[in-house]
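In: Return a 3D structure for these sequence lines:
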Amino acid sequence: MGTKIESDRTYKIGFIFLDEIHHIFHFISIATELSKTQKVSILTYPSNHDLLRRSIKELDGDNITVEELPTSAFRAFTDKIKGRELPRKGFWIKKNKKYILQTFDAVVFTDYFHKYLLRDRKPGKTPKLLKFPHGTPGRAYAFNKSQLDFDFQLIIGNFQYRHYKALGLLGNYPALVGYSKLDAVQHKQKEIFFKNNKPIVLYNPHFDPEFSSWKQEGLQILEYFYSQDAFNLIFAPHLHLFQENKGGHSASEIPEKFYQKKNILIDLGSLKSTDMSYLNAADFYLGDVSSQVYEFIISPRPCIFLNPNNLSYKNDINFRFWRCGEVINSAKELNETLAKATADFAKYRTVQKKITEENYYTEEGSTASERGAKAIVSYLDKALA
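Out: All right, here's what the predicted structure looks like:
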């Protein structure tokens, strides 16, 4: 059936993409839907952009224009000297601000680098600034007061809507549409990563040093899986964990022997870490505070969470995901917890289903991407009338 965009007007809509590849799936399917009736550009930096272009092609987004806008020559030079793969966002936006402000009716952000446009918009407050989430809201960082700077907010589920409302973060135009990332990756086939039928554990530590399990327990976890033969392990941490300016860790911390073990797959940041390939393949989830677990439990399965800092979490909404499975304090508990995880899963299945229903809004007969595109055009019809 689908949800058709009904408007007599055509808008110029720009999607800002200055981030790592994991941001792509959070906007690309809605951009594609919009491009069927609107003029859509993805505004980015000069690069090959293989995943971006491939995603556009796979979703039949032929009408989308990818505009590779440079940062200043001086900033490009210093970025190269410092080995930066991405431009510094503030300098890139300042360089291209005049073009963006004068060209587009609306600009979409998946981050919070909007302030450079916010303060210099035209008197009629155009372009309109639209905010997309780049994941399922989990911890406190997702509930940022800068949400109120945006003219329009894309909301993926009832939990996000209610929590934003309780925190006073709902703007004048929130649109509850669902999780468009699922539309962007739905064509992916389940992959086989090991030449055996042993159950697969996905270990997905976060990069935030305050909460991440990697520094205290990571190598002990790899050692546990190295020394046993009952399970396969996919070690696919948050992309930022082994980036010096983000997680602060180095890949050199991982001994070579773990790469050589046939029951261990290590991926520190490829496409498969972002497109749910590993999430779909795994039988168990092992992590700490990454909201990726919310994508994992869409298909309910056993989860184990690491709390090496012994944080008080039971009455803290920012640790809502830890309701989905057992919480342990160290890798020493892993053997016993894994052994009983399947048998104990019955008590978590209902919880996982309820959380998924709260996280992701759905409607019969239409996709989140269709609803999102329609909501954006409907908002612009009202705001720019």
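In: Please make it C-alpha for all contacts and neighbour counts, starting now.
Out: OK.
In: where do the strands sit along the protein?
Out: 12-17, 39-44, 65-68, 106-109, 128-131, 152-155, 174-176, 200-204, 232-235, 264-266, 284-287, 303-306, 326-328 (DSSP state E).
In: Throw those into TSV and include distance to Leu380, thanks.
Out: Formatted as TSV, the entries for those read as follows, by distance: least, C-alpha to C-alpha, whole Å:
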stretch	distance to Leu380
strand 12-17	10
strand 39-44	13
strand 65-68	20
strand 106-109	8
strand 128-131	8
strand 152-155	9
strand 174-176	12
strand 200-204	39
strand 232-235	43
strand 264-266	45
strand 284-287	40
strand 303-306	42
strand 326-328	45
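In: Can you get me a residue count around Glu333?
Out: Residues near Glu333, counting by other C-alpha atoms under 10 Å, number 12.
In: Can you lay out the strands of the chain as TSV showing mean neighbour count?
Out: Below are these laid out as TSV (neighbours: other C-alpha atoms under 10 Å):
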stretch	mean neighbour count
strand 12-17	22
strand 39-44	21
strand 65-68	16
strand 106-109	23
strand 128-131	23
strand 152-155	24
strand 174-176	21
strand 200-204	25
strand 232-235	25
strand 264-266	19
strand 284-287	24
strand 303-306	25
strand 326-328	18
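In: now those strands as JSON lines including mean pLDDT and distance to Lys57?
Out: Supplementary listing: the strands of the chain in JSON lines, determined by pLDDT from 0 to 100; distance: least, C-alpha to C-alpha, whole Å:
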{"stretch": "strand 12-17", "mean pLDDT": "98", "distance to Lys57": "17"}
{"stretch": "strand 39-44", "mean pLDDT": "98", "distance to Lys57": "14"}
{"stretch": "strand 65-68", "mean pLDDT": "98", "distance to Lys57": "12"}
{"stretch": "strand 106-109", "mean pLDDT": "97", "distance to Lys57": "21"}
{"stretch": "strand 128-131", "mean pLDDT": "97", "distance to Lys57": "24"}
{"stretch": "strand 152-155", "mean pLDDT": "97", "distance to Lys57": "24"}
{"stretch": "strand 174-176", "mean pLDDT": "98", "distance to Lys57": "27"}
{"stretch": "strand 200-204", "mean pLDDT": "98", "distance to Lys57": "29"}
{"stretch": "strand 232-235", "mean pLDDT": "98", "distance to Lys57": "29"}
{"stretch": "strand 264-266", "mean pLDDT": "98", "distance to Lys57": "29"}
{"stretch": "strand 284-287", "mean pLDDT": "98", "distance to Lys57": "32"}
{"stretch": "strand 303-306", "mean pLDDT": "97", "distance to Lys57": "35"}
{"stretch": "strand 326-328", "mean pLDDT": "96", "distance to Lys57": "41"}
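In: Which one, of these, ends up nearest to Trp92?
Out: For those, proximity to Trp92 was assessed by C-alpha to C-alpha; strand 39-44 is nearest, at 9.2 Å.
In: Break the chain into its domains for me.
Out: Described in terms of automatic domain parsing, the domain architecture of the chain consists of the residue ranges 12-179+361-383, 200-359.
In: Serialize those domains to JSON lines and add fields for distance to Gln189.
Out: Rendered in JSON lines, the data for the domains of the chain read as follows (distance: least, C-alpha to C-alpha, whole Å):
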{"stretch": "domain 12-179+361-383", "distance to Gln189": "13"}
{"stretch": "domain 200-359", "distance to Gln189": "8"}
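In: closest one to Val185 among those domains?
Out: When the domains of the chain are compared for distance to Val185 using C-alpha to C-alpha, the nearest one is domain 200-359, at 6.2 Å.
In: can you give me the end-to-end distance of the closest one?
Out: Distance between the boundary residues of domain 200-359 (C-alpha to C-alpha, to the nearest Å) amounts to 25 Å.
In: I am finished for the moment; much appreciated.
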